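# this is the structure alone, sequence omitted:
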């Protein structure tokens with residue numbers, strides 16, 4: 001669509017603003033001790049309460065539900081988390097409850113759900129789902145009552161409303177460039193549920209209809225394959241179809257999405273690692289498997305992970321949770337995402353789902369005001385410290401001394417330092433292994449950025465290497481130039 005020109009955008013976007021970023025140390029459940037750090041960062045350009053540039057895209061995102069505007073109680077925590085992405089749901093049945101000619105859309109709830117694009121300059125991933133009863137037998141299943149052109153018309157209208165070109169825009173002209181078509185469409189069919197998982201050719205047909213409609217409205221838009229669970233397979237007694245992706249691609253769907261997208265929950269890691277799921281999160285192995293599957297069909301697509309997470313509650317002994325475990329997975333999952341060249345990973349979720357859901361995966365509680373969990377602080381620290389860091393390599397066992405000692409190396413040229421993230425893959429919380437790295441001096445940080453200085457002679461030997469113990473809970477090692 002025709003883009004408007006803003007004579008002041010270039011100047012506003014180039015402004016370097018000094019901001020105070022909040023970190024923390026000495027964290028215990030329900031308690032934060034703030035630590036203030038001053039540093040220069042580039043912020044999105046904002047004028048007249050509108051965003052003319054969105055946040056620099058990092059790997060860090062969160063899932064939110066409902067309104068995301070500056071007036072909601074979680075908004076300050078959203079901004080201070082350091083995230084650059086927000087994934088939200090957009091409900092077709094709320095926008096178009098009745099099928100009329102011409103279409104009569106109601107965008108009030110959608111504007112509210114996507115408000116963080118305008119109020120927080122967030123990159124938004126909008127998941128379009130929940131068909132009205134006149135369009136589908138099952139709201140999250142196959143569009144089987146009307147032609148796919150009805151859905152194409154809807155997503156085209158959405159892409160136009162949120163393209164920021166000044167024509168038929170939402171108030172404030174928010175920009176939303178990432179559109180995900182349904183959530184976990186690989187769900188298995190049930191007697192009373194007609195799912196995409198039971199008819200992958202129909203999902204391919206839907207992609208073929210929706211993709212050109214979105215692109216025609218906003219050439220900058222990116223279309224995401226609906227985030228597949230790709231775990232808990234029906235042939236294992238689970239709820240998702242193992243061959244759904246294969247069959248969609250076999251039906252020609254591969255040319256009608258820009259970004260491949262799936263979900264990662266460590267409970268299912270054994271499918272990809274062959275090890276006890278409690279030992280390793282499995283994100284690297286699952287990402288490699290998805291890329292290999294795409295390659296079988298001659299495809300090489302960017303990867304997003306629109307759901308990943310763990311819970312802090314300990315109600316289920318079979319699926320243990322605690323603040324420490326949740327913090328561990330924040331660090332491990334985002335580290336492996338960055339190391340696997342995942343463009344964006346959304347933590348599920350920013351806020352605890354509440355009593356209806358058994359696992360409290362949120363970084364914040366549902367209290368009013370919400371309480372920031374230790375995992376929130378761990379997320380905040382990672383988003384801050386890795387904002388300008390680039391993944392370099394995963395150290396081989398010949399350097400670490402053990403295949404179970406995972407060490408990821410990053411380079412931060414802006415801050416003139418090398419960062420390592422390390423943990424020991426073990427089922428024993430008390431176990432640790434010795435790690436030696438080439439450096440004259442370094443600072444070791446725990447998950448909440450509490451520092452310990454080490455130097456070449458700390459281990460009694462002056463040999464140009466530092467030594468530290470690495471356990472199950474991840475640590476950071478910072479080596480400055």
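Looks like it arrived, so ask away. Values in this document were obtained by computation on a predicted structure and should not be read as measured data.
# residue contacts, residue 170?
By CB atoms under 8 Å, 6 or more residues apart in numbering, the residues touching residue 170 are 107, 110, 111, 114, 161, 162. Bear in mind the C-beta positions are built from the backbone N, C-alpha and C, glycine included.
# now with 10 Å, please.
107, 110-111, 114-115, 117-118, 158, 160-164, 176 (CB atoms under 10 Å, 6 or more residues apart in numbering).
# same question, residue 266
By CB under 10 Å, 6+ apart, the neighbours of residue 266 are 273, 277-283, 308-310, 319, 325, 328-329, 332-333.
# now it: how far from residue 328?
Applying CB to CB, to the nearest Å, the value for residue 266 to residue 328 is 10 Å.
# okay, and the common contacts of the two?
By CB under 10 Å, 6+ apart, the residues touching both residue 266 and residue 328 are 281, 310.
# burial measure for residue 396, as a count.
9 (other CB atoms under 10 Å).
# how about residue 103?
Residue 103: 13 neighbours (other CB under 10 Å).
# who are the contact partners of it?
95, 96, 150, 153, 154, 157.
# residue 320 should be in a helix, yeah?
No: counting by DSSP: H, G, I helix; E, B strand; the rest coil, residue 320 is not part of a helix but coil.
# what's the distance between the residue lying closest to it once chain neighbours are set aside and residue 446?
Leaving out its chain neighbours, the residue that sits closest to residue 320 by CB to CB, 6 or more residues apart in numbering is residue 314, at 6.3 Å. Computed as CB to CB, the residue 314 to residue 446 distance reads 22 Å.
# which one's more surrounded, the two?
residue 446 (18 against 13).
# and for residue 134, the neighbour number?
13.
# let me know the pLDDT of it.
In this model, residue 134 is scored at 99, pLDDT.
# cool, residue 51 as well?
Residue 51 is given a pLDDT of 80.
# so the closest residue to it other than its chain neighbours is in which element?
Closest residue in space to residue 51, ignoring its immediate chain neighbours: residue 121 at 3.8 Å, by CB to CB, 6+ apart. Assessed by DSSP states H and E, residue 121 sits outside every helix and strand.
# I'd like to know how far residue 121 sits from residue 388.
Taking CB to CB as the measure, residue 121 and residue 388 are separated by 18 Å.
# for the stretch 1-150 of the chain, which spans come out with low pLDDT?
Scanning the stretch 1-150 of the chain for pLDDT under 70 picks out the ranges 1-50.
# and for the residue nearest to residue 51, the neighbour number?
Count around residue 121 with other CB under 10 Å applied: 22.
# then the one 5 residues further on?
Each residue near residue 126 was counted by other CB under 10 Å, and the total is 25.
# check residue 125 too.
There are 25 residues near residue 125, going by other CB under 10 Å.
# do residue 192 as well
7.
# where's it relative to residue 273, distance?
35 Å.
# and the gap between residue 403 and residue 268?
Look at residue 403 and residue 268: by CB to CB, they are 22 Å apart.
# who has more neighbours, these two?
Set residue 403 next to residue 268 and count neighbours by other CB under 10 Å: residue 268 wins out with 21 against 10.
# for that one, which non-adjacent residue is spatially closest?
Counting by CB to CB, 6+ apart, residue 268 lies nearest to residue 231, which is 3.7 Å off, once chain neighbours are set aside.
# likewise residue 350?
Nearest to residue 350 is residue 62, by CB to CB, 6+ apart, at 4.2 Å.
# let me see the mean pLDDT of the helix or strand where residue 442 lies.
Assigned by DSSP H and E, residue 442 belongs to strand 441-445. Here strand 441-445 scores 98 as its mean pLDDT.
# do stretch 392-399 as well
Stretch 392-399 shows an average pLDDT of 99 in the prediction.
# re the thing from before, quick one: the residue nearest to residue 350 is in a helix?
No: using three-state DSSP, the assignment for residue 62 is strand, not a helix.
# just list whatever residues bridge to it.
Beta-bridge pairing for residue 62 (DSSP bridges): residue 86, residue 347.
# average pLDDT for whichever strand or helix holds residue 377?
Secondary structure from DSSP H and E places residue 377 in helix 374-385. The pLDDT scores in helix 374-385 average 99.
# how's the protein carved up into domains?
Using automatic domain parsing, the domains assigned to the chain come out as 48-387, 394-480.
# start to end distance for the last one?
Domain 394-480 has an end-to-end distance of 19 Å (criterion: CA to CA, to the nearest Å).
# picking that back up, among the domains of the chain, which is the most enclosed?
Highest mean neighbour count among these (mean count of other CB atoms under 10 Å): domain 48-387, with a mean of 20.
# chain center to it: distance?
Distance of domain 48-387 from the chain centroid (CA atoms, centre = their mean, to the nearest Å) equals 8 Å.
# my guess is residue 79 contacts residue 119. True?
Yes: between residue 79 and residue 119 there is a contact under CB atoms under 10 Å: 9.1 Å.
# what is in contact with those two at once?
Common contact partners of residue 79 and residue 119 (CB under 10 Å, 6+ apart): residue 70.
# just give the closest residue to residue 383, not the sequence neighbours.
Nearest to residue 383 is residue 82, by CB to CB, 6+ apart, at 3.0 Å.
# what separates that neighbour from residue 384, distance-wise?
Relative to residue 384, and taking CB to CB, residue 82 is found at 5 Å.
# which residue ranges form the strands in the stretch 201-350 of the chain?
222-227, 260-264, 303-308, 344-347 (DSSP state E, counting those that start in this stretch).
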